[in-house]
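> sequence first, predicted coordinates after that:
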Amino acid sequence: MLVSGSRDKTCKLFDAHSGDSKGTFNGHGEVVAAASFLADGKQVVSGGRDKQLRVWKVDDTKEVRKTGGFGDEITHLTLLPSDHVLVASADKNGRIVNAADGKTLKTLSGHQDWLYSSAAHPASGVCATGSYDGEIRLWKLDDATLIRQWIAKP
């Protein structure tokens, strides 16, 4: 199965072999920029321009919960262990959110522009955020301490 986010304000499930649509998650009020399966494969997490992080059940495409509190649109999601999600937002912050209850566990702040990307290497305890102005920041996952920052140049 694959999941996609779309500018039509939905997420969709697809059979990866046939390409057939297997379901649609309706509920976002704006473009959906990011979507991913949680570790168990039974739930999907999504976020987008409506500033909401949403969790859905795969079997019936029903919404489990939505979490607000993002100052601007959600641009990227990175799954972490224990169903934590690293959320990149246009409000210039990254957040580590517990998908099970929607609570923000840590905030990664200090960027001067929209965050457009995130990545993580849980085994090393490090994650990264990247902003529109080209800045990359590395963070410790356990306490959200900034390790290093630099401007990436093409």
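Looks like it arrived, so ask away. Numbers count the residues shown, from 1 in each chain.
> quickly note the distance from the nearest residue to Lys42 once chain neighbours are set aside to Met1.
Distance criterion C-beta to C-beta, 6 or more residues apart in numbering; nearest residue to Lys42, sequence neighbours excluded, is Val58 at 5.4 Å. C-betas here are computed from N, CA, C, even on glycine. Going from Val58 to Met1 by C-beta to C-beta, to the nearest Å gives 7 Å.
> beta-bridge partners for the residue positioned nearest the centre of the chain, please?
Per C-alpha atoms, centre = their mean, the C-alpha nearest to the average position across the chain is that of Leu77, at 2.0 Å. Taking DSSP bridges as the rule, Leu77 bridges to Val87.
> show me the shaky parts of the chain.
154 (pLDDT under 70).
> what's the helix or strand hosting Ile147 in contact with?
The secondary structure element spanning Ile147 is strand 146-151 (assigned by DSSP states H and E). By C-beta atoms under 8 Å, 6 or more residues apart in numbering, the residues outside strand 146-151 that reach it are Leu108, Gly110, Val126, Asp133, Gly134, Glu135, Ile136, Arg137, Leu138, Trp139, Lys140.
> which residue sits closest to the fourth one in space, ignoring its chain neighbours?
Of all residues beyond its chain neighbours, the one nearest Asp133 is Asp113 (3.9 Å), with distances taken as C-beta to C-beta, 6+ apart.
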